[in-house]
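**Q** turn this into a model:
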Amino acid sequence: MIRNLFLLFQSLQVPIAPVEPISYSVAVVGDNQNGPNIFSQICNSIRLENVDAFVGLGDHIQNRGAIPSEWIDQFINPLSPIMSLPRWGARGNHDDVLGYQLFFWNLPVQQNIGQWTAFTLGSVRWVILDANDETFDLRTSMDPGHPQRIFIDREITSQEWIRSKFRIVLFHEPATTNVWYSNCYYQSYQTPQWISLMDRLQNSGCHLVLNGHAHGYERSLWRNGPMWKITSGGGGGALDTICGGGYIVALVEHHFLKINISYDSIEVRVLSPQRTLRDLVVIR
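**A** Predicted coordinates for the structure are as follows:
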């Protein structure tokens, strides 16, 4: 039933309307990029997990649309075992805008700046943001008074946000990460604005923030909680290294997430490409 609901709204290309509390599960993958063999193995495992939807955390191709066949070779072909699943997600810095619109569900370009949206499904308010402020050479969407900042400030005070049992926000580049490469220096676009956003999300009752970009897995509590911050970029791209500290779990392994959602809990399972459990956290 839930799959038919997803597909209906996907075909209409309108935001999903609030529905009665239901249980469902989603598979989450970030940064498969130019690792189609590993991504293909992950997609086969996702099929065996019998999830209801696919959630992408960005960087599903390597060269930002410069090689159009990448969407076929690196994403669509490996995705074939689960192609019928509805999907949504946050665009990564390696993804082109038009390709992401074409191959992902309901991600409009807002005011010619970026791609963000929000919808309620069951007990969860899902919010998708665009950390790629380089879109159309504008890097100001999270500055005070600018479009995406206005959107999120309105969202976290909206009745849809307040009335939801759980709130999950996803965007590609994390505000901070301890999984990176080279000399382990990391800075996202407009880092102070995204750190400020994390503070506002936690203060507004967000339960979970999902990011990609760093090629590994990291779970931590934002400023010691209660909001969970999970970085999941193990979909196939070359793995990074662990540096720094302040995390609860960090793994430099290829993996995917299976998130089981019910009315009163969110269970996040971290699975290897072979479906071995690597980490587990339950949010109530």
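**Q** how about the strands in the stretch 151-284 of the chain?
**A** Under the criterion DSSP state E, counting those that start in this stretch, strands of the stretch 151-284 of the chain are mapped to 166-170, 179-180, 208-211, 217-221, 228-232, 241-242, 249-251, 256-261, 266-271, 277-283.
**Q** chain center to the second one, what's the gap?
**A** The reference is to strand 179-180. How far strand 179-180 lies from its chain's middle: 17 Å, per C-alpha atoms, centre = their mean, to the nearest Å.
**Q** note down every partner strand of it and its orientation.
**A** strand 241-242 (antiparallel) (DSSP bridges).
**Q** quick revisit: for the strands of the stretch 151-284 of the chain, which one sits closest to Ser123?
**A** Nearest to Ser123, of all the strands of the stretch 151-284 of the chain, is strand 166-170, at 5.4 Å by C-beta to C-beta. For glycine as for every other residue, the C-beta is placed from the backbone atoms N, C-alpha and C.
**Q** buried residues in that closest one?
**A** Residues of strand 166-170 classed as buried under the neighbour-count rule (16 or more other C-beta atoms under 10 Å) are 166-170.
**Q** returning to what we had before: dump the strands of the stretch 151-284 of the chain to TSV, plus distance to Val51 and mean pLDDT.
**A** Formatted as TSV, those follow (distance: least, C-beta to C-beta, whole Å; pLDDT from 0 to 100):
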stretch	distance to Val51	mean pLDDT
strand 166-170	15	98
strand 179-180	25	92
strand 208-211	15	98
strand 217-221	18	97
strand 228-232	15	98
strand 241-242	28	94
strand 249-251	21	97
strand 256-261	6	98
strand 266-271	11	98
strand 277-283	15	98
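**Q** can you redo these as CSV with distance to Gln190?
**A** Formatted as CSV, the strands of the stretch 151-284 of the chain follow (distance: least, C-beta to C-beta, whole Å):
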stretch, distance to Gln190
strand 166-170, 16
strand 179-180, 18
strand 208-211, 15
strand 217-221, 21
strand 228-232, 18
strand 241-242, 25
strand 249-251, 24
strand 256-261, 26
strand 266-271, 27
strand 277-283, 28
